[in-house]
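>>> Got a predicted structure plus its sequence, pasted below:
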Amino acid sequence: MDAIILQILNGLDKGSAYALIALGLTLIFGTLGVVNFAHGALFMIGAFCAVTLQKLLGLSYLVEDPTQKDFLGNPLKVQVPYIEKWLGADLGAAIIDWSVPLAILLAIPVMLIFGFVMERGLIKHFYKRSHAEQILVTFGLAIVLQEIVRFFFGANPIQTGAPSALFGSFDFGVLAGYGPDLIIYPYWRLIYFLFALLVIAGVFAFLQFTTFGLVVRAGMQDRQTVSLLGINIDRRFTAMFGIAAAVAGVAGVMYTPILAPNYHMGMDFLVLSFVVVVVGGMGSLGGAVLAGFLLGILQSFASMNEVKAVLPGIDQVIIYLVAIIILLIRPRGLLGRKGVMED
Amino acid sequence: MLGSSRQDHLFLLFVIVLTLATPILLQPFPENSAMAQFNAGYPDLMQRFAIYGIFAMGFNILFGLTGYLSFGHAAFLGVGSYSVVWMYKLLSFNVLPGLALAVAASAVFALFIGYVSLRRSGIYFSILTLAFAQMSYNLAYSVLTPLTNGETGLQVYSNDPQYLLNPQSPTSPHIFGWAMNDSTKLTLGGWEFTFNNGYYFTAIIAILAFYISMRIFRSPFGLMLRAVKTNRRRLDYSGVNTKPYMLSAFVISGMYAGLAGGLLAAMDPLAGAERMQWTASGEVVLMTILGGAGTLMGPVLGAGLIKYLENIFSKINEGVLHQWFSWLPDWLSDSLITVVKPFVGDGWHLTLGLMFVLVVVFLPGGMMEGARRLGGMFRNKPDGKPVRSELRPAE
């Protein structure tokens, strides 16, 4: 039993990332009708927002430290970040330590602008063109984005740590009445899961309880009627693209302590997230979230040694296998609406 | 001959001459000139032109004719490569049994994947093929290691059985003793031409493949595939079962991909799982689009162009750039180099991605449409008007 709880917990953080990316993909597909293969790249750019902020905060200058000597007996020069000079040593160090959560504040405006520019500059011209062409152009864009990131940050993963206060693990076993150290779960992953829930709830609340969201939902149902009512639906859909980009971006920011970001992480997540969207049902927001968590948990179950002993290699293929089965027996996906992309 | 028109014969003849004369045509610059780095008449590169040409031709039979966008064709490329290397390991370095197995194995593989994937169309078809290819790729890296040798890649070791190995035959890929990497060099003035056995072997296969693809394009079967692209629902309503046609097209294009993968291993006796990665599938899509999907010649040209640019761009480094711009004033050459540098060398993929976006945005018909538009501009005749060909998926 404890092993099962552990696997469910392990699946949650990956599932959260899938769910967040898939949510954005579905938002874009549901509103603009565009299949966005560059969404993984947006996730990656979010992660690199965190890297950039960390590097910016770490900018430093040399000062002589009178208390320490180097091996020649001269005063040792140490690097002191500018931020510690400006804001005092304690506050500065704390800000550097908390750079990943702080990067969210940077990532949201950056990703909103980025999404806006991308939609107005490129995607706009592809509303009327076929899905194949949309896939191709966004695929090309994804290559361009990841190569630009590689040019600036290099090909190696960049370690970006969580705040040191959040190191360590949470012992679930004790809470649930099992022995200590049986079910432990790193704090940061727990935070990632809660954060994902918060973002998902935020997006749903935004769509459900605001006038803006109401119009967007109406537009998803019937774009033409909404624009006949004199509402500029295109502008709202562009805003939704920006929001979807921001969701992918913050998902990337918060994921950096779990996986050191590298330039092709977007592509790795993209393929899986697409599978998640298809399993959940194209255009169904709830389906995307549900399928994201479900597949994340399934994947972590499949990587259990007991399962692998029975079905070798199952951990590598489980997600694709599930997708194939779902597509064949229930093409509209788990929660897909009847008649939407059911062909 | 066999129902093809006179125009087709001329076209085929043109292609044959072009292919056979490639070692000469691609060496336009004398060996010692500054432009020699733009020559492309190296055996290795020419072989890749022919091989990826075959790959793109096969992909075009599926995508160009029926509009079904497969994102998993690299899987067949990998299957082909593995089959050939296995035949080396078990029999001998003769490439023929390997190629036969490559085509057969990829056909079986394509039959299975196609049978399942073709139950859906549009974006679902793309995702299904992608899922199958990623599954094969992941399996090749993990459970199938005894078959694929995992990350190291499959290669021939000295303790492999090689039952048919003849002590006199070459110890590299050959066809009845005719080694693939042997070539004849011809020096004429400042020019040097290399006539490579491997290239001519792949070229002859490529010509055959081209002929077959031309026959498919002109046949009633090809017409049926085009009808699927135009309006599948209408075909369904008129009582035509499109499934067997689609499946045949998928299997044929899988066999082309398997053949191309086999030839890759025939030129260089190695096979690695990275050939099955989905970026490789993306590459063949780009080749086809760049050349012009649905045209006979386009995909081959697209494959050639991409492989050529890849070769040239990856070779250029900062030193070469300095050499090029040395005649400019310093400040200008330095700023030019700063601008150009991200796009060459390691940055080749950036150029590729940009090309991809620009082609899809501005020239969805690819190079063939570009040529037609140019021709139309000069001729100024109504029939030369640009016809916007669209990459429409089957509904």
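In hand now; what should we look at? Numbers count the residues shown, from 1 in each chain, chains lettered A, B, ... in the order given.
>>> May I have the phi/psi pair for the residue in the stretch 51-200 of chain B positioned nearest to chain A?
Closest residue of the stretch 51-200 of chain B to chain A, CB to the nearest CB: residue B:143 (3.1 Å). The C-beta positions use only the backbone N, C-alpha and C, and glycine is treated the same way. Backbone torsions of residue B:143, given as degrees, to the nearest 10, read phi -70, psi -30.
>>> what about it, neighbour count?
19 (other CB atoms under 10 Å in any protein chain shown).
>>> what does the stretch 51-200 of chain A put close to chain B?
Within the stretch 51-200 of chain A, the positions lying close to chain B (CB under 8 Å from any CB of the partner chain) are A:122, A:125, A:129-133, A:135-137, A:139-144, A:147-148, A:150-151.
>>> For residue 53, I want the exact helix or strand it lies within.
Assuming you mean chain A. Using DSSP states H and E, residue A:53 maps to helix A:39-57.
>>> my question was about chain B
Per DSSP H and E: residue B:53 is located in helix B:43-66.
>>> Next, the closest residue to residue B:229 other than its chain neighbours: phi, psi?
Spatial nearest neighbour of residue B:229, chain neighbours left out: residue B:67 (3.9 Å); criterion: CB to CB, 6 or more residues apart in numbering or on different chains. As for residue B:67, its main-chain torsions (degrees, to the nearest 10) stand at phi 80, psi 0.
>>> what do you get for residue A:284?
The phi/psi pair for residue A:284 (degrees, to the nearest 10) reads phi -110, psi 110.
>>> And the residue lying closest to it once chain neighbours are set aside, its phi and psi?
In space, and not counting its chain neighbours, residue A:284 is closest to residue A:335: 4.5 Å by CB to CB, 6+ apart. When read as degrees, to the nearest 10, the backbone of residue A:335 gives phi -120, psi 20.
>>> ok, now residue B:168?
Main-chain torsions, residue B:168, degrees, to the nearest 10: phi -80, psi -20.
>>> Give me the pLDDT for the residue of the stretch 201-350 of chain B found nearest chain A.
Closest residue of the stretch 201-350 of chain B to chain A, CB to the nearest CB: residue B:350 (3.7 Å). Here, the pLDDT recorded for residue B:350 equals 87.
>>> Same check on residue B:392?
pLDDT recorded at residue B:392 is 56.
>>> got it, and residue A:45?
93.
>>> What about it, how many residues nearby?
Residues lying near residue A:45 (other CB under 10 Å) number 26.
>>> if we can go back for a sec, are any of the residues of the stretch 51-200 of chain A next to chain B buried, and which?
Buried subset of these (neighbour count, 16 or more other CB atoms under 10 Å in any protein chain shown): A:122, A:129-133, A:135-137, A:139-144, A:147-148, A:150-151.
>>> re earlier: centre of the chain to the helix or strand following the helix holding residue A:53, how far?
Using DSSP H and E, the next helix or strand after helix A:39-57 towards the C-terminus is strand A:60-69. Relative to its chain's centre, strand A:60-69 lies at 40 Å (CA atoms, centre = their mean, to the nearest Å).
>>> Pull up the pairing partners for strand A:60-69, direction included.
Taking DSSP bridges as the criterion, strand A:60-69 sits next to strand A:75-81 (antiparallel) in its sheet.
>>> tell me which residues of the strand it pairs with are tucked away?
Within strand A:75-81, the residues scored as buried using 16+ other CB under 10 Å are residue A:81.
>>> any idea where the helices of the stretch 201-350 of chain B begin and end?
B:220-237, B:243-267, B:278-291, B:298-315, B:318-324, B:330-340, B:348-362 (DSSP state H, counting those that start in this stretch).
>>> Repeat that for the stretch 201-343 of chain A.
A:211-221, A:223-228, A:233-255, A:265-280, A:285-302, A:305-310, A:314-329.
>>> Out of these, which is closest to chain B?
Nearest to chain B, of all these, is helix A:314-329, at 3.7 Å by CB to the nearest CB.
>>> Give the other helices and strands that the closest one contacts.
Contact analysis of helix A:314-329 by 3 or more CB pairs under 8 Å, 6 or more residues apart in numbering or on different chains; DSSP states H and E lists helix A:265-280, helix A:285-302, helix A:305-310, helix B:122-141 as its packing neighbours.
>>> Would you mind measuring from residue B:260 to residue B:15?
Taking CB to CB, to the nearest Å as the measure, residue B:260 and residue B:15 are separated by 17 Å.
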